[in-house]
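>>> Build me a structure from this.
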Amino acid sequence: MRFAWIGFHAEGLPALEALLDAGAPIVGVFTLDLTLAGARSTSAAYAEVCDRFGVPLLFISGINEPRSLEALEELSVDVAFVLGWPQTVRQAALRVPRLGMIGSHPGLLPRYRGSAPVHWAMIRGEEEAGNTLLWLADRPLAGDIIDQTAFPITPYDTSTEVFSEVAHSNRDMLLRLLPRLLAGERPGVPQPSVDGPALLPRRRAADGRVRWSRSSRAIYDFIRALTHPYPGAFSRIDGRSWRIWKAALPPPGLTTADRTPGEVRGPVVSPLEVEAEDGTLLRGQALSEQQWTGKRFDDD
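Residues are numbered from 1 along each chain as shown. Just a heads-up that it's a prediction; the model follows:
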């Protein structure tokens with residue numbers, strides 16, 4: 001058996017290292033060109049791991065490009081692992097490995113199909129997330145399911161902690177799968193249903209604007225889903241944009257009778273108090289050294 005690895009995201013690095021440490025026959029690793037990877041907040045450096053295990057590392061701008069396909073064909077691989085890769089893998093690339101390509105999706109398929117499932121789960125206040133290992137198919141996220149792992153989202157987690165669980169589950173599921181692949185098996189079961197459009201739309205930086213008319217819990221979940229290393233939630237006062245990286249839920253009973261969503265209450269201290277629809281939301285840092293008492297974040 002001969003394997004290849006295709007990835008750039010930090011969530012795939014623990015799994016790659018674990019497979020190499022377990023003796024998996026990975027004969028080549030494909031990762032994003034350094035210029036492209038540097039523009040993404042969640043990229044990871046694969047060079048150190050590849051150097052340590054003596055695995056060739058190829059820098060590419062796209063897995064579907066002729067140069068990349070040629071390099072993949074030359075490796076004569078049976079299986080390619082695609083974890084943490086930003087591009088859809090097209091048919092020409094899917095056909096190169098003898099048994100196919102294996103990917104992961106940070107959601108419990110067939111639920112949470114589409115883009116940014118971790119962020120959407122947190123924004124929607126879910127208490128459980130998960131990860132799915134599957135064979136890649138012509139239709140996105142439609143292949144046979146190999147394995148799944150569920151884990152809780154605690155009230156104190158940010159997206160960073162949830163993605164750490166994703167990374168660990170990638171490692172554990174691939175280590176469980178490795179003996180079966182080495183035995184020549186191709187395990188997997190069809191998904192219950194993959195009909196219809198993707199449920200989750202792509203998220204962009206502009207989607208991070210806080211709506212102060214929502215409940216304090218909804219705003220809290222929104223902020224912690226989008227914090228570092230992602231672009232962050234934001235709002236505006238007097239036309240100036242402010243990034244919001246941290247929040248805390250108000251203590252029980254901390255509400256005000258005359259609520260004005262988005263209004264800054266009291267002196268600028270840390271944590272800063274800002275009104276939500278149902279009470280006061282405590283932010284982690286003051287806006288600046290200026291006095292913002294009585295100012296109001298936009299909510300349109």
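
>>> Please work out the average pLDDT along stretch 228-235.
For stretch 228-235, the mean pLDDT works out to 87.

>>> what helix or strand does P97 sit in?
Secondary structure assignment for P97, by DSSP states H and E: no helix or strand.

>>> So it sits against I6, correct?
No. Contact status for P97 versus I6: not in contact, 10.3 Å apart, counting by Cβ atoms under 8 Å. (Glycine included, C-beta is placed from N, CA and C.)

>>> Of the two, give the one with the bigger neighbour count.
It is I6, of P97 and I6, that has more neighbours when counted by other Cβ atoms under 10 Å, with 26 against 22.

>>> so that one sits right up against F59, yeah?
No. With contact defined as Cβ under 8 Å, I6 does not reach F59; the gap is 12.0 Å.

>>> Quick check: neighbours shared by these two?
T31 (Cβ atoms under 8 Å, 6 or more residues apart in numbering).

>>> hang on, the earlier thing: what is in contact with P97 and I6 at once?
Joint contacts of P97 and I6 (Cβ under 8 Å, 6+ apart) are A80.

>>> Just checking, which helix or strand succeeds the helix or strand bottoming out on mean pLDDT in the chain along the chain?
The weakest-scoring helix or strand in the chain, judged by mean pLDDT, DSSP states H and E, is helix 34-38 (a mean of 66). As assigned by DSSP H and E, the chain's next helix or strand after helix 34-38 is helix 47-53.

>>> which of the residues in the next helix-or-strand element following that next one are buried?
Following helix 47-53 in sequence order, the next helix or strand is strand 57-60 (DSSP H and E). Residues of strand 57-60 classed as buried by neighbour count (16 or more other Cβ atoms under 10 Å): L58, F59, I60.

>>> So which of the residues you listed is the closest to D144?
Relative to D144, the closest of these is I60; by Cβ to Cβ it sits at 26.7 Å.

>>> thinking that closest one is in contact with G28, fair?
No. The pair I60 / G28 is not scored as a contact, 11.0 Å apart, by Cβ under 8 Å.

>>> shared neighbours, these two?
In contact with both I60 and G28: A71, using Cβ under 8 Å, 6+ apart.

>>> which helix in the protein runs the most residues?
Counting residues, the longest helix found in the chain (DSSP state H) is helix 159-182.

>>> just checking, what packs against the helix or strand just after it?
Next helix or strand after helix 159-182 toward the C-terminus (DSSP H and E): helix 216-226. For helix 216-226, the packing partners by 3 or more Cβ pairs under 8 Å, 6 or more residues apart in numbering; DSSP states H and E come out as helix 117-123, helix 159-182, strand 233-237, strand 247-248, strand 279-283.

>>> Any chance you could list what contacts helix 216-226?
Contacts to helix 216-226, defined as Cβ under 8 Å, 6+ apart, come from residues 118-119, 122-125, 157-159, 208, 210-212, 214, 232-233, 244-250, 276-281.

>>> circling back to that earlier point, same list, the helices and strands packed on helix 216-226, but as CSV with mean neighbour count please.
As requested, the helices and strands packed on helix 216-226 are exported to CSV (neighbours: other Cβ atoms under 10 Å):
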stretch, mean neighbour count
helix 117-123, 22
helix 159-182, 19
strand 233-237, 19
strand 247-248, 20
strand 279-283, 21
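
>>> sorry, back to before: so how far is the longest helix of the chain off the chain centroid?
Helix 159-182 sits 14 Å away from the centroid of its parent chain (Cα atoms, centre = their mean, to the nearest Å).

>>> packing partners for that helix?
Where contact means 3+ Cβ pairs under 8 Å, 6+ apart, helix 159-182 is packed against helix 13-21, strand 100-105, helix 117-123, strand 128-135, strand 145-152, helix 216-226.
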